[in-house]
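Asker: Fold the following, please.
(one chain, ligands or ions: 1)
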Amino acid sequence: MTETSDLTSVRASYDAVAVEYARLVGTELARKPLDRAMLAAFAEYVRGDGVRGDEGRGGRAVADLGCGPGRVTAHLDGLGVRAFGVDLSPAMVAVARRTYPGLRFEVGSMTALDVADGVLGGVLAWYSTVHTPPAELPVVFAEFARVLAPGGHVLIAFKAGDERIRLEHAYGHPVELDVYWTPPDLVADLLAGAGLTEVARLVRGPDPRENSPQGFLLARKG
Ligand SMILES: C[S@@+](CC[C@H](N)C(=O)[O-])C[C@H]1O[C@@H](n2cnc3c(N)ncnc32)[C@H](O)[C@@H]1O
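Answerer: Numbering: from 1, shown residues only. Next comes the predicted model:
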């Protein structure tokens, strides 16, 4: 996929808000038990506990794509997962490196990863596909499928619904961002189209600081 103007504005927007975003969402998972439950299940699958053919403690490497300030990468690391982060925004990657110096974070796009075919045990996309128009999700999910090893898992967190919300201000800064709320059935169908079979899904209601239902979809390659 070629660089689009949307990707340029997504990068610029997250560069602008990186420090404030990290301050505001850094400890958010602590008050979201259902989100942590999905991450715990994903971690258990990708660690490959007790599965023959894994690569020792932690299993294969797992990419947190659109990792932002690295808070979920660090959460996975705390669960024994060999996680690294990739984000479009250099400012987000700088925050992540500064906050978690023991972890690896790279600048890159989930639409064209610098990762060999079939090597990852897992891919996490935690609210990082929310700026991708649903029509472009097949390209992104095909890239996830390309880098996953057979039997590898993907976990997507997204805003569940069917809306496009235009953001012009966020976290105290002007931004230029579209946020796509996506029907869980559509996410499941598009993942299936990329060869990623649904394992489980969760849709929970918004907490007091959220404006939409939240969707979580776990799928497996093959
Ligand atoms: C809502 S934030 C979520 C960040 C992080 N996953 C978290 O939950 O804290 C969305 C992130 O996705 C990144 N992103 C959006 N499109 C991307 C792409 N094509 N490739 C890599 N990162 C992307 C943005 O730069 C931003 O850091």
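Asker: List the buried residues in the biggest strand by length in the chain.
Answerer: When the chain is parsed with DSSP state E, its longest strand is strand 148-159. Across strand 148-159, burial judged by 16 or more other CB atoms under 10 Å covers 148-149, 151-159. Using the backbone N, CA and C atoms, a C-beta is placed for each residue, glycine as well.
Asker: chain center to that strand, what's the gap?
Answerer: 9 Å (CA atoms, centre = their mean, to the nearest Å).
Asker: CA atoms only for it - export them in CSV, please.
Answerer: Output of strand 148-159 as CSV, limited to C-alpha atoms (Å, rounded to 0.1, in the frame of the first residue of the first chain):
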residue,chain,number,x,y,z
LEU,A,148,2.3,-14.4,11.4
ALA,A,149,3.5,-17.9,11.7
PRO,A,150,0.9,-20.6,11.1
GLY,A,151,-1.1,-20.9,14.3
GLY,A,152,-0.1,-17.4,15.3
HIS,A,153,-2.8,-15.1,16.9
VAL,A,154,-4.0,-11.6,16.3
LEU,A,155,-5.9,-9.5,18.8
ILE,A,156,-7.6,-6.3,17.6
ALA,A,157,-9.2,-3.7,19.9
PHE,A,158,-11.5,-1.3,18.2
LYS,A,159,-14.5,1.0,18.6
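Asker: after that strand, next one along is what?
Answerer: As assigned by DSSP states H and E, the chain's next helix or strand after strand 148-159 is strand 163-170.
Asker: quick one, that following strand and strand 148-159 angle?
Answerer: Strand 163-170 and strand 148-159 are oriented at 80 degrees to each other (axes from the mean of the first three to the mean of the last three CA atoms, to 10 degrees).
Asker: hmm, who's touching the longest strand of the chain?
Answerer: With contacts defined as CB atoms under 8 Å, 6 or more residues apart in numbering, strand 148-159 is touched by 35, 38-39, 42, 45-46, 60, 118-127, 129-130, 144, 179-182, 187, 191, 196, 199, 212-222.
Asker: Intersect the residues you listed with the contacts of the ligand.
Answerer: Restricting the contacts of strand 148-159 to those touching the ligand (CB under 6 Å from any ligand atom) yields 126-127.
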